[in-house]
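Q: okay, structure incoming, though there's no sequence with it:
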C-alpha cells in the first residue's frame, strides 16, 4: 500500500533524527527555555525579519485554540471560511474555549478583504449588535484546506482591512512550506510577519515529527502567551524537542527545500491526472490534488494506494484528495502515474 | 410613539400584578421551593399531560444555555437553523458554555426531519467523525424567528427521527402562545410534551413580567437540572415571582386567551398590509408580520410608530417587522391601519 | 411559621410595587435602554459621585460571573476568601466561565491587603509562575458572608495594594445596604466608587423583587460589558423592571432607610440572644446574627421559626443564622425575643 | 552543570530512539490508528490484566484535562489534595474546561478514603447542595507531588469509597514507574486497573521523549473519548510516535527496569543527605528527595548542580528537591555525594 492520503504518513526528515540522536542525553531546562529553542526562535525571527515572539507547540489544533483563546475576550469571535479547519475538523476546539466561529462563504477555501469589511460594517450598524458575537479576529489558512494560496495583494488587502476594523489577522500555516514553494506564490516569511498579527509555521506536515512555530508580531497578543500554552495542555516538558526540530528545519533553508520536493512530486501527479482526462474539484499549485474520478476507477486504485475521500460529485464520480509531502518517494509517484495511464476515460 | 417593534414593550397582564400585590409580604422559601411554584408546576404538568419536570427561569437566553449545557457532553453540539435565535442573537451564549451550533439551511426559519437524518448519517459515515463535533440535540423554535409554525405532522417526524438518531429534541417556545393560538396550528401543549425531550413555554413575551417554564420530559435530562440553573446564574432568589406568574397565566387558560388577542390584532394588521398592496417577506399566521415596503413609506411611518428593521430587499424597499402582543391596544392597531391606507403604492 | 432564615423571604417594598403598577402598560424600549433605567443610572452615579457605568442585573450569581468573565483573560483568576460566596455557594459559576478562584484564609469572612500583596509577590517570584493561574482580580463581599464589614481604612489599603499589583478590586454588595447602615460603618457609596474598580449594590435582599446594580468605575472594565450581560443570559427583556426598582430605591434615600430598619431589628435580636446567654460564632453589626445555641433549644424554636443551620460547634451546640431585612416585622422580632427568654441556659 | 532539578532533563531511552529511527520512513495511518499504537495498547492491556481502553496523549496536563473533561457534567467537580498538580501547577487547565477542583487537606500529598466519604456525606446533607459543585471524581497522583506513594490497602479503600459514593477514581501516574519501583510499594499495574476507573502511565518522566498512556477501565468513561482528545488539541497527527515509544517501554519490562535505576540512584543520594545530617521535608522512597538544608550550603551547591527550590523552612534553611530519573548517571550522583560530604553541619 502506497499512501498519498495525507502529508503526515512518515516520521521526520533524517537531519532532524540525527540531531535528536546527537543531543539525546544532554541535560537542558524544560518547557522551551533551553538553548535549542532559543536558537530556533532567533533563526525564525531572522527569517521573518521580525522582532515578534516565537513559541513552539506540538500540533495545529493546539496552536489554533491557544492563539484564539489568548487573543479574544469572552464575547468575541473569529471570522473564518465555512470550510476552515477550525470550523469543520477540530471537534469544536474553539467553541470549547468559549468562542464562536463566524463563518463566511468561501471560494476554493479563501475569503476576501471585502467580506471582512462587510461583516464589520454589518455588525457595527446592527441595532442589536450587543446580541451578536463581536468579530475580533480573522482566521485564514495558507495554503487553504483546498490547497489554494493567497497572493501578496490579497493578503495586503486583508491585512489593511483588519487594521481598519480593529481585527487581528491570524494565518494558519499548517502546510505553509507547500504554499511558499508553490507555483505562483509571491509571499515570503517576512510578508507574513509584516501582514499578520500572528501566524504559525507548520512543522508536522513539513519534515518534523511534530511541531508548529507560532509567530506573534502584534504586541497586544504577546503578553502572557506562555500561560495559555500551559493551560491548554501544550507546554511540552522536553521543549527542546521542538527547538531542535525547528532549528534543523531552518538551517540551510531545509524547510523550503523539502517543500519544493513535495511540489515537484505534486506537479508530476497533477500532470498525470490531467493527461488521464480527470478534471479537478479545485485548481491549485500546492501539494494537495483534488481530481474528480469515476468511482469504478477509484475502487481499482484503492487496492494499491491510499487517498482521501473528499465528496460525491455525481452518481458515478467522486472528488478525492492525493497529497504529496517532503517524504514522497519518486518511485511511488511514478507507480501511480503508470497506473493512472491505464484508467483514463 | 406607538410601539409595534416587539412583543415585550409593556409590563405584565393585570391579573399577574394583582397576584404579586396580594402575596407581596407573604414569607416563602426561596429558589423555587415555595408553594406557588409547586402549584404552577402541577398546573403545567396537567395541561401538558406529562409527568415531566418543570423549572422556571427568568429569560429565554438563560433557558437555552442552561438546557443545552445540562444536556450535552463537551464534544457534542446542537443542530439548529441558520436563523436560529441561539445562533444569531444570543452573543454566543451556547459557545460560551463550550458547545458548537451545527447549522442547517432553513425555510422560513424551519428545518426538517430529513435534514436531521442526513446530518446524522453524514456524521456517522465520515472517516474523520472524531474530528467533527458530534450532533446530539436538535433545537427548533416554535413559532420560529420568522413567525412560522411547525405542523403536528412535521413535529412528529422530527421527533421520530431524533429518537432514531439518539438526538434530543428541544423546542424554544419563547412565543409559544402565539403559535398555539395561530391560524392553522394543530399542536397542543400535550403534543409538545409527547414529542419533545425538553421545551419551554415563554412567559416574557406572553403576559408575564418575565419568565420561561422549562418542561423536561426525557428522564435523562432531568437529573441535577437545578445545579445547572444555579451555576448559570438563573436561580431566582425569590423564585415565587415566577411561580405566581405562571400560576396566573395557566388559570382559566389565560395564557391562550391573551395569545388569541395578539393573533386577532395581527390578523387585522396583516389584512391592512395586504390591502395596501405590500407583500410579505414570510407568510405566517402568528404575531410577527414582515411586510416589504418602500423606504419612503417606512420613513413616514417611523414618525409615529416603532417597528423593527429586518433586511434590505432592493434599493428602494426593505422588509420590516411589526409585532402584536397580549397587550396590543385595538386603537393602536386601528390608527396604524388608517395610516397604512394613505401609503399604498 | 415566622421566617428569619434569610433576607429574601418577602416580595418588594410597597413603593416599588406601586411604581410597577403605575407604569405597567407604558411602552418602552427593551434591554435597559428605557428612560427609567437611564434615570436610575444617573441617580446611582450621583449618589456614588462617579462617572462610572451602571448596569442592572437580575441576581447576584449572575452579576458575579458576568463581572469576572468580562474582566479576566483565560489564564487569570480571582482572589477570594475561602468562605467567599463565589467559592462555596454558586455551583462553580466562575469556573464554568473558565476561571479559577484562588482562595485566601479569612477572618470572619474578611481578607487583608497584606494577604493580597503576599500572593502577588509569591506569584511573581515563583520560578514556575506560568504554570500557575495569574491573579488579576480581588473579590470581597461587604458585608461578608459572616455579616462582618470592612472599615474605610481596610478598604483603602486593599484598594492601594490592588493598584500596586495591577489587580482589579471587586466588591460584592449583595447586602450592601445592611453594611452601610450597620453600627461602626464608616464607608459611603462614594467611597466604594472611589476605592473599587467595580462593585454591585444589592437590590434582591434590600427591598427589590430582584436586581443588582453593577457600578464600573475602572474604564478598562467598561468596554463591551453589555455583550457579556447578554451572553451570560442576564439581559432582561423588560429591563425597565430593574430601572423602576432602583429608581424607587434611590429616591429619598429609601435604600438606606429600609436598611436601617433591618439593622434596628437585628440589634433587638442580638441583644436578646446576648441576654439569654448565647455567644456568637461571629460578632458583627449587620443583619445576620450567628448565635451558638443548644440543639435542644434549636429544636424547640424550629416549631415556630425558620432560620438557617450554619455549623456544628460541639456535640450539643450548633451555630445558626437569623436574618432580618427591610421587611422584618417588629411583632415577629418581639415574639422571638419572648420565646428566647424562656430558653436561656 | 549537573541537573537534578527534575526528571525530564534528557531525551529518551536509546531503545526508543533506535525504534523511531528504524521505522522513520514507514507510512502509517495517523491519529493513533496505526499498528504500533495497536500493539502498544494490547501490551499495556495485557500488563494491566484489563479489557479497558488505552489512549496515548503527549503530556500530563493534557491527559488530566482531557480525562476530567470527558468524565464530568458541567456542574460536577473533582476532589483533590490541596497540593495536587491539577490544582497548583496546571494554570487552571481544569477550570478552563469549566470544572471546579474541590480541595482536601493532605498529608505528604495524599488524601484518604475517609476524607472522600465525609465530603460525599457533607454534600448530600447540605440544604443548599444545589448551590455547591457536585463532587463526582477523585483525583490522586501516585507517586504524589511529594514523592509519597499509596499502599494497596489505601487504594483499595479509596476505590471502595468511590464506588459507594458514585465517584470516579482517577490516578495521575506521571511518575508511575518510580512509584512501582519504590521501596515499600505493593501495587501493580493490574491493581491500578482493578481499583481505578481511569489512570495514566507516565512516559515523559520515565524514558520516553514524551507521552502518557491513559487506561480507562470504567465503561462509562470510554464512550467517545477520542472526540475529547481531538477537541482538547491532544490528537497527535503522527500518533505512531506514541505507540512506538510505549511499545518499546513495555517490551522486556523496560519501563520498570529503568525506573529501578532511578530509585537506586535516589537511594544513594538519600543516604548521603542523611549521613550529611540533613532532615527531609517529606520522607519517601521514590525518585524525588526533599532535603532541608542551610541556604549557605545551597548557594554553594548551586554552582555545580541544578535542583528545585521547594519552600522556606526558617530564616537560614530551605527545603529543596533533587530528582533522579531513568537517565541519571552514576558518576553525577557520586560527584554530588562527594560534594555533600564537604558540607555537613
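A: Happy to help now that I have it. Owing to the predicted nature of the structure, the values given are computational and were not obtained by experimental measurement.

Q: what does the stretch 201-345 of chain A put close to chain D?
A: Within the stretch 201-345 of chain A, the positions adjacent to chain D are A:204-205, A:209-210, A:227-228, A:230-238, A:241, A:306, A:327 by C-beta under 8 Å from any C-beta of the partner chain. C-beta here means a position set from N, CA and C on the backbone, and glycine is covered the same way.

Q: keep only those residues that also lie close to chain C.
A: A:227, A:228, A:230, A:231, A:235.

Q: OK, contacts around the third one?
A: Under the criterion of C-beta atoms under 8 Å, 6 or more residues apart in numbering or on different chains, the contact list for residue A:230 reads C:130, C:131, D:61, D:90, D:91, D:93.

Q: tell me which element it falls in.
A: helix A:225-231 (DSSP states H and E).

Q: tell me the spacing between the residue of the stretch 151-300 of chain A found nearest chain C and residue A:284.
A: Closest to chain C within the stretch 151-300 of chain A is residue A:227: 3.7 Å, counting by C-beta to the nearest C-beta. According to C-beta to C-beta, to the nearest Å, residue A:227 and residue A:284 sit 38 Å apart.

Q: next: residue A:74.
A: Distance, residue A:74 to residue A:284, by C-beta to C-beta: 37 Å.

Q: where does residue A:334 sit: helix, strand or coil?
A: helix (DSSP: H, G, I helix; E, B strand; the rest coil).

Q: nearest spatial neighbour of it, skipping sequence neighbours?
A: Leaving aside its chain neighbours, residue A:334 sits nearest to residue A:268 (7.9 Å; criterion: C-beta to C-beta, 6 or more residues apart in numbering or on different chains).

Q: what's the burial count for that neighbour?
A: Neighbour count for residue A:268, taken as other C-beta atoms under 10 Å in any protein chain shown: 16.

Q: let me know the helix or strand that it is in.
A: Going by DSSP H and E, residue A:268 is in helix A:254-275.

Q: average pLDDT across that helix?
A: The average of the pLDDT scores along helix A:254-275 is 98.

Q: residues touching the nearest residue to residue A:50 once chain neighbours are set aside, list them.
A: Nearest residue to residue A:50, sequence neighbours excluded (C-beta to C-beta, 6+ apart): residue A:193, at 3.9 Å. By C-beta under 8 Å, 6+ apart, the contact set of residue A:193 is A:48, A:49, A:50, A:52, A:199, A:215, A:217.

Q: check contacts around the residue in the stretch 1-150 of chain A positioned nearest to chain C.
A: When scored by C-beta to the nearest C-beta, the stretch 1-150 of chain A has residue A:75 as its residue closest to chain C, at 3.7 Å. Contacts for residue A:75 were tallied using C-beta under 8 Å, 6+ apart; they are A:133, A:134, B:91, B:92, B:96, C:224, C:227, C:228, C:230, C:231.

Q: do the same with residue A:281
A: Contacts of residue A:281 by C-beta under 8 Å, 6+ apart are A:146, A:290, A:291, A:292, A:310, A:311, A:313, A:319.

Q: which residues of chain A lie near chain B?
A: Residues of chain A lying near chain B (C-beta under 8 Å from any C-beta): A:74-75, A:77, A:88-92, A:95-100, A:127-128, A:130-133, A:308-309.

Q: buried only: go through those residues for me.
A: Buried members of those, scored by 16 or more other C-beta atoms under 10 Å in any protein chain shown, are A:74-75, A:77, A:88-92, A:95-100, A:130-133, A:308-309.

Q: tell me which of the residues you listed fall in helices.
A: A:88, A:95, A:96 (DSSP state H).

Q: give the contact list for residue A:17.
A: Contacts of residue A:17 (C-beta under 8 Å, 6+ apart): A:11, D:20, D:21, D:24.

Q: pipe the residues you listed into CSV and attach secondary structure and pLDDT per row.
A: Shown next, in CSV, are the contacts of residue A:17 (DSSP: H, G, I helix; E, B strand; the rest coil; pLDDT from 0 to 100):
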residue, secondary structure, pLDDT
A:11, coil, 98
D:20, helix, 98
D:21, helix, 97
D:24, coil, 98
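
Q: out of these, which is most surrounded?
A: residue A:11 (26 neighbours).

Q: for that residue, which non-adjacent residue is spatially closest?
A: residue D:24 is the one closest to residue A:11 (C-beta to C-beta, 6+ apart), at 3.7 Å.

Q: got the contact list for that neighbour?
A: By C-beta under 8 Å, 6+ apart, the neighbours of residue D:24 are A:10, A:11, A:12, A:14, A:17.

Q: do that again at 10 Å, thanks
A: Neighbour list for residue D:24: A:10, A:11, A:12, A:13, A:14, A:16, A:17, A:209, A:327, D:244 [criterion: C-beta atoms under 10 Å, 6 or more residues apart in numbering or on different chains].

Q: shouldn't residue A:315 be in contact with residue A:296?
A: No - applying C-beta atoms under 10 Å as the test, residue A:315 and residue A:296 come out as separate, 11.7 Å apart.

Q: neighbour-wise, which of these two wins?
A: More neighbours surround residue A:296 than the other of residue A:315 and residue A:296, with 11 against 6 (other C-beta under 10 Å).

Q: any idea how far the nearest residue to that one once chain neighbours are set aside is from residue D:222?
A: Leaving aside its sequence neighbours, residue A:296 sits nearest to residue A:316 (C-beta to C-beta, 6+ apart; 7.4 Å). To residue D:222, residue A:316 is 40 Å away according to C-beta to C-beta.

Q: so for the residue sitting furthest away from the middle of chain A, what's the pLDDT?
A: Ranked by distance from the centre of chain A (C-alpha atoms, centre = their mean), the top residue is residue A:127, with 36.9 Å. For residue A:127, the pLDDT comes out at 90.

Q: contacts only, for residue A:183.
A: A:149, A:263, A:266, A:267, A:270, A:284, A:285, A:286.

Q: can you pull the phi/psi pair for it?
A: With angles defined as degrees, to the nearest 10, residue A:183 sits at phi -60, psi 130.

Q: so residue A:246, which of the three states?
A: Strictly by three-state DSSP, residue A:246 counts as helix.

Q: so what's it up against?
A: Contacts of residue A:246 by C-beta under 10 Å, 6+ apart are A:16, A:36-37, A:39-41, A:43-44, A:54, A:56, A:201, A:203, A:207-208, A:211-213, A:255.

Q: next one: it from residue A:215, what distance?
A: The value you get for residue A:246 to residue A:215, if C-beta to C-beta is used, is 11 Å.

Q: what's the overlap in contacts for these two?
A: Joint contacts of residue A:246 and residue A:215 (C-beta under 10 Å, 6+ apart) are A:41, A:44, A:54, A:201.

Q: that concludes my questions; thank you for your assistance.
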